[in-house]
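In: Here is the input, now give the coordinates:
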Amino acid sequence: MTAQIAAADCILFANPEYNFSVSSVLKTGIDWASKNPNCFAGKPAAIMGAGGGNRTALSAMHLRGIGVFLDLHFLNKPAVAINRFAPPHNAAFDAVTGELVDEDLAATIEELVKELVTMARKMQG
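Out: The predicted structure is shown next:
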């Protein structure tokens, strides 16, 4: 995993929210990948996620705090934080397959990825 992160031009975190924070699986992966050497250092990153009532606002804030230590450079907008379980956002996904069907949400995610790629290119010079 560390070789893939080190080789990446940027990082896109798909961040769920557990108990108002990042999941233990994500945090453990970050901890292992940030050991000597820190393969996240200096990379542009973005966060998107789906969760409950507060979407993923608190976990995204915790992830940003972790990113300070990692020397990540987070993209601020557009924000993609989906309340997965309440209308209208649960209608954004097919009830059977779970696939994204909301065109506006898909466009926002596409914009996030484009902005992250643009940021990575600018940071590379």
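In: how about the helices in the protein?
Out: For the chain, the helices defined by DSSP state H occupy 2-7, 24-33, 57-70, 103-124.
In: Would you mind writing the CA trace of the lowest-mean-pLDDT helix or strand in the chain as CSV?
Out: Using mean pLDDT, DSSP states H and E, strand 80-83 stands out as the lowest-scoring helix or strand of the chain, at a mean of 84. Output of strand 80-83 as CSV, limited to C-alpha atoms (Å, rounded to 0.1, in the frame of the first residue of the first chain):
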residue,chain,number,x,y,z
VAL,A,80,-19.1,16.0,-1.1
ALA,A,81,-20.7,14.9,2.2
ILE,A,82,-23.8,12.8,1.7
ASN,A,83,-26.5,11.9,4.2
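In: so how far is that strand from its chain's centroid?
Out: Its chain's C-alpha centre and that of strand 80-83 lie 11 Å apart, by CA atoms, centre = their mean, to the nearest Å.
In: Make JSON lines out of the helices of the chain and add mean pLDDT, mean neighbour count and distance to residue 84.
Out: For glycine as for every other residue, the C-beta is placed from the backbone atoms N, C-alpha and C. JSON lines is the format used below for the helices of the chain (pLDDT from 0 to 100; neighbours: other CB atoms under 10 Å; distance: least, CB to CB, whole Å):
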{"stretch": "helix 2-7", "mean pLDDT": "92", "mean neighbour count": "12", "distance to residue 84": "26"}
{"stretch": "helix 24-33", "mean pLDDT": "94", "mean neighbour count": "14", "distance to residue 84": "17"}
{"stretch": "helix 57-70", "mean pLDDT": "94", "mean neighbour count": "17", "distance to residue 84": "13"}
{"stretch": "helix 103-124", "mean pLDDT": "96", "mean neighbour count": "14", "distance to residue 84": "11"}
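In: Can you give the strand pairings for the least confident helix or strand of the chain, parallel or anti for each?
Out: Here strand 80-83 is paired, per DSSP bridges, with strand 44-51 (parallel).
In: show me what contacts residue 5?
Out: Contacts for residue 5 (CB atoms under 8 Å, 6 or more residues apart in numbering) come out as 11, 33, 39, 40, 43.
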